[in-house]
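>>> Compute the structure for the input listed below.
(chains A and B)
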Protein chains: 2
Amino acid sequence: MQAEIIAIGTELLLGQVVDTNSSWMGEQLALSGIACHYQTKVGDNHGRIVAALRLALERSDVVICCGGLGPTQDDITREAIAEVAGVGLVRDEGLVEAISTLFSARGRVMSQNNLRQADVPEGAVPILQERGTAPGLICPVGPHVVYAVPGVPHEMRDMMTRAVIPDIVERSGQAAVIASRTLRTWGLAESTLAETLASRIEALDALGNPTIAFLASGIEGIKVRITASAAIPAGEGAAGRARLEVDRLIATEETEIRDLLGDTVFGVDDETMEAAVGRLLEAAGRTLGVAESLTGGLMASRLVAVPGASNWFRGGIVSYATEVKQTLLGVPPGPVVSAEAAEAMALGAARALGASVALAVTGVAGPAEQEGQPVGTVWVGIAIDGAAEVVEVRGAGDRERIRQFATINALDLLRRRLLGPGLG
Amino acid sequence: MQAEIIAIGTELLLGQVVDTNSSWMGEQLALSGIACHYQTKVGDNHGRIVAALRLALERSDVVICCGGLGPTQDDITREAIAEVAGVGLVRDEGLVEAISTLFSARGRVMSQNNLRQADVPEGAVPILQERGTAPGLICPVGPHVVYAVPGVPHEMRDMMTRAVIPDIVERSGQAAVIASRTLRTWGLAESTLAETLASRIEALDALGNPTIAFLASGIEGIKVRITASAAIPAGEGAAGRARLEVDRLIATEETEIRDLLGDTVFGVDDETMEAAVGRLLEAAGRTLGVAESLTGGLMASRLVAVPGASNWFRGGIVSYATEVKQTLLGVPPGPVVSAEAAEAMALGAARALGASVALAVTGVAGPAEQEGQPVGTVWVGIAIDGAAEVVEVRGAGDRERIRQFATINALDLLRRRLLGPGLG
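The predicted structure is shown next:
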């Protein structure tokens, strides 16, 4: 099964919006075992969208269009798909009602333009919206299928997960339930991960189901995706039983992998490192404060973005100037890129912010060395109930990369510490 | 003149790397008046790169390939271009020398693989590297041209600016010098900007040279690009005189536009809002501290990223918990989303961080209202030499967007204040 993505919107070509949608869709397709050899961006131009669709349908089995489903005259994805399918647009009365209901529920007046979103190419099945107004489409074109999803990222992601990927997977094979779970890891290279999991990879290669796949996420670690399937035989309740079987396969494999990887797994599916840290803090009834030098607020801004952070996050001190480290955090005179400084920063942050746990980072982001320490030197301090530990780590790359690395590495060190004893 | 972009790399299709290069290139082409109707991503596969190139050359006058110029066996852009051009690869001795020199200057051993980077399609002109090892290419294919630039963003940007865009512009018309400057604005909608500049737009429409174009950059404002050209007549020194004429046209137009837009212009070309703030602080011999509630470290992390920030940035306090606002910043008991709290936070940050200027932000990022204040309520406090002012602004969108908006808006308010009297 060969898929292809077309991102539609002049703003994408002009660089006003970066096309992160295609990247996310490409990753999801790969994780579901669907090949995707081309991704194209095209503007809001009928002729060029039609040409891009025709070409994609020649090369691929299914084509996913993203964007151009809004209510304005610029939004012409529906018309372009209808032309390529050789059919007209028909107004779907179910969609008319759904869109009207949405507007009246929000107390807003619906313009006639909004009803354009209820137009679907004849023979297409709409994908209902659960988050916005633009419905998606599943539109057969000869032996192939064109899908259309909105360009708003969270609406697109919802429709891809709920409707498009399952539909492609179903078309790609016989009747089966397929599901997957992603274990997020940090701290091991892909080759080391593969070595550590060698026994499972071998066993699964022999079994053929479930399967596991690795996907690098840059500085955020490596994802291990477990995918399992179960055929649906004829008979009542078979789909439900297949679903249970898939869940059982995934859960069993997750246990096997976690036994081998241990603390390297920090989260499941979309869970971030900072969310994992927050979950552990909340479970232990702990509060967190941070002290940042080279990361300059990156740790705090990631932690604040976790839903419910106010339950456990107290705040942070960005001690960029040496005097701030000394006056607010009690760092003693002397080198500030050092174990002593990281320790004092952690203890000082816990004290100043009234937190039972504190995380501190100091180091050299470059471009020049500092206090004789080379670029990439990073000290991490962790204070718990007034006792501090420090760890030295080493980053590489430019300033921005060293900062990002220091941030995720420090959060991971705190996470591992929170998994240890004495935190309850 | 019609251009097209092909981004090469399997990691782009798999979503492991987001293709920000094409977005940037698309913007630069648009700003230089070159149309770009398609952008394609393709993996490291010879047949598919060749197919993508052939198709692009049918649709467009020039094609820019990005990526796949490294030294490994995966890097096959050179071979694909040679095949499409119907020529062989030849080793360029000048490039061999340049690459060897680079390795010995860095004290590193050059592998034979690195010499693959000295191979160029017959008839192609290399674009010399000034930042890495992979040379770029300008390769004629019949009446068309294929350019190749590396996928490393800063190397790509350098080659695009220095060689590719000027070459395309030159091919697009007669002998002329063309240059441009971008004025970055914040705070006005595109329609308001167009109204404010109506007299200039009319005058320039009549003149035809220079021209101005608007480009939205999302929450970071709107760019106004001035582009001027001057024909190069025959004769010695004509190109230099044309260059001077272009510079004069741009400078004159910049003055006209700045007269109309005033403080709305915050920077030129790639200058960020935080860099503009830093420049003003440094010129005034001032130091800055920040206090952040809903922005949670975003302001500090942007400020720290400005080169030379240590000359003027003292640090920040992320006062997420109410008690932290009270104990570290001296916010009085009572509502924390209020003018009083913003004022106290600014004064407290200046005091605690030992800064002569402080910027503070408190507000409601959502999803729920807080203290009876609706989502999007944001108070900004600015303290200078112990005296504070507050401004209320209003954001819209989800949590992340409201945080980003609060950050840039607060930085802009500080910038405007720093342009005022009494700061020297």
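
>>> Test my guess that residue A:116 contacts residue A:75.
Yes. Using CB atoms under 8 Å, residue A:116 is in contact with residue A:75, at 7.4 Å. For glycine as for every other residue, the C-beta is placed from the backbone atoms N, C-alpha and C.

>>> Mind listing the shared neighbours of these two?
Contact with both residue A:116 and residue A:75 is made by no residue, according to CB atoms under 8 Å, 6 or more residues apart in numbering or on different chains.

>>> For chain B, give me its nearest residue in the stretch 301-424 of chain A.
residue A:304 (2.9 Å; CB to the nearest CB).

>>> Leaving out sequence neighbours, find the closest residue to that residue.
Spatial nearest neighbour of residue A:304, chain neighbours left out: residue B:296 (2.9 Å); criterion: CB to CB, 6 or more residues apart in numbering or on different chains.

>>> what does residue A:126 give?
Leaving aside its sequence neighbours, residue A:126 sits nearest to residue A:135 (CB to CB, 6+ apart; 4.4 Å).

>>> Which elements pack onto the one helix or strand residue A:347 maps to?
Here residue A:347, judged by DSSP states H and E, is contained in helix A:339-353. Helix A:339-353 makes packing contacts with strand A:288-292, strand A:313-319, helix A:322-329, strand A:357-363, strand A:377-384, strand A:387-394, helix B:322-329 when contacts are defined by 3 or more CB pairs under 8 Å, 6 or more residues apart in numbering or on different chains; DSSP states H and E.

>>> got a list of contacts for that helix?
Helix A:339-353 is contacted by residues A:289-291, A:293, A:314-317, A:319, A:325, A:328-332, A:334-335, A:355-362, A:379-383, A:386, A:388-390, A:392, B:321, B:324, B:327-328 when judged by CB under 8 Å, 6+ apart.

>>> ok, now with 6 Å
For helix A:339-353, contacts defined as CB atoms under 6 Å, 6 or more residues apart in numbering or on different chains pick out A:289, A:291, A:314-315, A:317, A:328-331, A:358, A:360, A:362, A:379, A:381-383, A:388, A:390, B:324.

>>> Now for the residue of the stretch 301-424 of chain A closest to chain B, how many residues are close by?
26 (other CB atoms under 10 Å in any protein chain shown).

>>> where does it land on pLDDT?
Per-residue confidence at residue A:304 stands at 96 (pLDDT).

>>> Would you mind listing the buried residues in the helix holding residue A:347?
Buried positions in helix A:339-353, judged by neighbour count with 16 or more other CB atoms under 10 Å in any protein chain shown: A:339, A:341-353.

>>> So, low pLDDT: which residues of chain A?
A:174-175, A:422-424 (pLDDT under 70).

>>> Would you mind giving the domain segments of it?
A:2-172, A:176-268, A:273-418 (automatic domain parsing).

>>> hey, which of these is tucked in deepest?
For the domains of chain A, the largest average neighbour count (mean count of other CB atoms under 10 Å in any protein chain shown) is found in domain A:273-418, namely a mean of 22.

>>> Need the distance between the two termini of that domain.
For domain A:273-418, the first-to-last residue distance is 13 Å (CA to CA, to the nearest Å).

>>> wait, residue A:265 sits on residue A:182?
No. Contact criterion CB atoms under 6 Å: residue A:265 and residue A:182 do not qualify, at 10.2 Å.

>>> Report the contact partners of the residue nearest to residue A:126.
Counting by CB under 6 Å, 6+ apart, residue A:135 touches A:95, A:126, A:129.

>>> mind checking the backbone torsions on the residue nearest the centre of chain A?
Residue closest to the average C-alpha location in chain A (CA atoms, centre = their mean): residue A:270, at 5.1 Å. When read as degrees, to the nearest 10, the backbone of residue A:270 gives phi -90, psi 10.

>>> Spatially nearest residue to residue A:74, not counting backbone neighbours?
Closest to residue A:74 by CB to CB, 6+ apart is residue A:44, at 4.8 Å.

>>> Show me the strands in the stretch 151-300 of chain A, by range?
With DSSP state E, counting those that start in this stretch, the ranges of strands along the stretch 151-300 of chain A come out as A:176-185, A:211-216, A:222-231, A:265-268, A:288-292.

>>> Select, out of these, the one closest to chain B.
Closest to chain B of those is strand A:211-216 (CB to the nearest CB; 5.1 Å).

>>> Quick one: residues in contact with that closest one.
Contacts for strand A:211-216 (CB under 6 Å, 6+ apart): A:190, A:222-227, B:16.

>>> could you dump those residues to CSV with distance to residue B:99?
Shown next, in CSV, are the contacts of strand A:211-216 (distance: CB to CB, whole Å):
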residue, distance to residue B:99
A:190, 29
A:222, 32
A:223, 36
A:224, 38
A:225, 39
A:226, 44
A:227, 43
B:16, 27
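
>>> Report the two of these separated the most.
Greatest spacing in these, by CB to CB: A:226 and B:16 (18.9 Å).

>>> now the helix holding residue A:347: how far from the chain's centre is it?
Centroid separation for helix A:339-353 versus its chain: 32 Å, with CA atoms, centre = their mean, to the nearest Å.

>>> counting contacts, what elements does the helix or strand encompassing residue A:56 pack onto?
Following DSSP H and E, one finds residue A:56 within helix A:46-59. The helices and strands touching helix A:46-59, judged by 3 or more CB pairs under 6 Å, 6 or more residues apart in numbering or on different chains; DSSP states H and E, are strand A:35-42, helix A:77-85.

>>> can you rerun that using 7 Å?
Contacts defined by 3 or more CB pairs under 7 Å, 6 or more residues apart in numbering or on different chains; DSSP states H and E place helix A:46-59 against strand A:2-8, strand A:35-42, strand A:62-66, helix A:77-85.

>>> just to revisit the earlier point, now render the helices and strands packed on helix A:339-353 as CSV, adding distance to residue A:82.
Below are the helices and strands packed on helix A:339-353 laid out as CSV (distance: least, CB to CB, whole Å):
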stretch, distance to residue A:82
strand A:288-292, 54
strand A:313-319, 50
helix A:322-329, 62
strand A:357-363, 55
strand A:377-384, 56
strand A:387-394, 56
helix B:322-329, 56
